[in-house]
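Visitor: what follows is a predicted structure for the sequence shown.
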Amino acid sequence: MLMAALDVVSSTPVDTPVPDVALAASGDRRAFERLYRTHLNHVYSICVRMTGNRARAEELTQDVFVRAWEKLPLFRGESAFSTWLHRLAVNVVLNARKVEGRERSRTAPESDERDEAEEMFGAAEPAPVAERMDLEAAIATLPPGARKVFVLHDVEGFKHEEIAEMLGVTSGGSKAQLHRARMLLREALQR
Amino acid sequence: MTYELLTCEALDALLPDYLEGDLDSGTRAVVEDHARSCPRCEALLGDLATIVRDARALPALAPSRDLWAGIEARIQAPVVSLPAPGAARLRSRWHATAWLGAAAAALIAATAGITYTVTMHHAEHAQLAAARPSAGTPVTNVAVLPVERVYDQEIARLQRVLQERRSTLDSGTVTVIERNLRIIDAAIAQSRAALEKDPASGLLNDQLNSALTQKVELLRTAALLPART
């Protein structure tokens, strides 16, 4: 059944033991380093897939963990730590993009979105040789708007309502971008 | 509207809702019936389903290097504050020296984490853990060093940190920082030149102290700036 193919459960990273979160929130850097080691790859994956640029993603990943350290005392445990951290990562990437977009718009207001993204994040880099290289590489070629929605929805599992809030668009706009992204990916993967 | 004679174009229009699972069961069945009898639409639905499935199963990616050293450097420094400029009014060379000694000790305590981490991050983490200076731990050997030398050493360390992070910072911000550093350096040079002629001047010691503290604070702020944000 076609719909059955869509019902694959998203792989969820192992969540963090509560004591490390509490210890880190109280200022224990060793506990925070353990949190970093547990969640590094997932945070980095969000950053690299949303930006399409590995070097920039490494910088943003550092920013995410610095922000997490600063905001950790405010973490109330209302959601899993991983959920809180991943949403923080998305916000850091989106905020960085807004800042860089404003800077760039002062110098080249006529450029289209794709050129803007390539200058901000560099041209999309090919992923390393891996089992999923084709899809990774295809995601990196998506226009920024479609790429963000695809990564947030299909890779990270956010709902359209959440994506709409994060990106400042409507749910309908998010759905339209997602469909566009999937169709573009199909085209790219068939080349 | 019924979909008994669903066209490929009509199926295309239903695709987003179909893939989201937003169609009622009857409409979904019509879409799937059409797909079974239409190679073009069967391939389309199959391809999109594969993309959605593969996206959910994408493995996590790993950065090309360990990012902890840079993170630790940025979260470690602000634990101990430097004395606020003007917190103590200096009235003599002796008092100035004592104040500078206290400020230098606080400075070393505050920035030791940064310099240690950045300069030693290639070494084995476990071997170094026991020797890592704590941001809140007084550094007892500071007092035996000449005060200005302590400042100079720490400034040099912070400048190395800043140099290492320079390529990750906004170029406009770096320009402003460097311009301000030149202004502070000029003030330091003038104070030192004047102190050579009048070493007992409390006012000149105060000015030198203030300029050195400003330089350290500016360097420390710059070393902790987030990358290009």
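Guide: In hand now; what should we look at? Numbering: from 1, shown residues only, chains lettered A, B, ... in the order given.

Visitor: low-confidence stretches in chain B?
Guide: For chain B, the stretches with pLDDT under 70 are B:1-4, B:77-147, B:228-229.

Visitor: could you pull out the helices for it?
Guide: Secondary structure of chain B (DSSP state H): helices located at B:8-20, B:25-37, B:39-56, B:68-76, B:93-120, B:125-129, B:147-165, B:171-197, B:202-223.

Visitor: between these, which gets nearest to residue A:61?
Guide: Residue A:61 lies closest to helix B:68-76 among the helices of chain B, at 8.6 Å (CB to CB). C-betas here are computed from N, CA, C, even on glycine.

Visitor: what inclination does the closest one have with respect to helix B:202-223?
Guide: 140 degrees (axes from the mean of the first three to the mean of the last three CA atoms, to 10 degrees).

Visitor: for residue B:166, see how far away the closest residue to residue B:173 other than its chain neighbours is.
Guide: Excluding its sequence neighbours, the residue lying closest to residue B:173 (CB to CB, 6 or more residues apart in numbering or on different chains) is residue B:225, at 6.7 Å. From residue B:225 across to residue B:166, the span is 11 Å (CB to CB, to the nearest Å).

Visitor: which one's more surrounded, those two?
Guide: Counted by other CB atoms under 10 Å in any protein chain shown, residue B:225 and residue B:166 do not tie: residue B:225 has more neighbours, with 17 against 13.

Visitor: number of nearby residues for residue B:36?
Guide: Residues near residue B:36, counting by other CB under 10 Å, number 12.

Visitor: surely it meets residue B:42?
Guide: Yes: in this structure residue B:36 lies within contact range of residue B:42 using CB atoms under 8 Å: 6.5 Å.

Visitor: middle-most residue in chain A, spatially?
Guide: In chain A, the centroid-proximal residue (CA atoms, centre = their mean) is residue A:46; its distance is 3.1 Å.

Visitor: so residue A:87 versus chain B, what's the distance?
Guide: Distance from residue A:87 to chain B, counting by CB to the nearest CB, to the nearest Å: 17 Å.

Visitor: and that residue, its phi and psi?
Guide: Main-chain dihedrals, residue A:87, degrees, to the nearest 10: phi -70, psi -40.

Visitor: next: residue B:22.
Guide: Here is the backbone geometry of residue B:22 (degrees, to the nearest 10): phi -90, psi 0.

Visitor: mind listing what the residue nearest to residue B:173 touches?
Guide: Taking CB atoms under 8 Å, 6 or more residues apart in numbering or on different chains as the contact definition, residue B:225 lies against B:165, B:169, B:173.

Visitor: roughly how far apart are the last one and chain A?
Guide: Looking back up the chat, that one is residue B:173. 11 Å.

Visitor: so what's the residue count around that residue?
Guide: Look at residue B:173: counted by other CB under 10 Å, it has 13 neighbours.

Visitor: equivalent analysis for the first one, please.
Guide: Here the neighbour count serves as a burial measure; for residue B:165 (other CB under 10 Å) it reads 19.

Visitor: kindly report the same for the one 3 residues further on.
Guide: By other CB under 10 Å, the residues close to residue B:168 number 17.

Visitor: from residue A:56, how far out is it?
Guide: Per CB to CB, residue B:168 is found 10 Å from residue A:56.

Visitor: domain ranges for the chain?
Guide: This is for chain A. Here the domain parsing of chain A from automatic domain parsing is A:17-125, A:126-191.

Visitor: could you do chain B instead?
Guide: According to automatic domain parsing, the domains of chain B span B:8-56, B:68-223.

Visitor: do a quick rundown of the helices in chain A.
Guide: Counting by DSSP H, chain A has helices at residues A:2-5, A:18-25, A:29-51, A:54-71, A:81-107, A:113-121, A:133-140, A:144-150, A:160-167, A:171-190.

Visitor: which parts of the longest one are buried?
Guide: Looking back up the chat, that one is helix A:81-107. Across helix A:81-107, burial judged by 16 or more other CB atoms under 10 Å in any protein chain shown covers A:81-82, A:84-90, A:92-94, A:96-97, A:100, A:104.

Visitor: and the fourth one, by the same measure?
Guide: Within helix A:54-71, the residues that count as buried by 16+ other CB under 10 Å are A:54, A:56-69.

Visitor: and the residues you listed near chain B, which?
Guide: Checking the buried residues of helix A:54-71 against chain B by CB under 8 Å from any CB of the partner chain, the ones in range are A:54, A:57, A:58, A:59, A:60, A:61, A:62, A:63, A:65, A:66, A:69.

Visitor: pLDDT check: weakest of the buried residues of helix A:81-107?
Guide: Within the buried residues of helix A:81-107, residue A:104 has the lowest pLDDT, namely 61.

Visitor: can you count the residues close to the closest residue to residue A:135 other than its chain neighbours?
Guide: Leaving aside its sequence neighbours, residue A:135 sits nearest to residue B:54 (CB to CB, 6+ apart; 5.3 Å). Residue B:54 has 19 neighbouring residues, counting by other CB under 10 Å.
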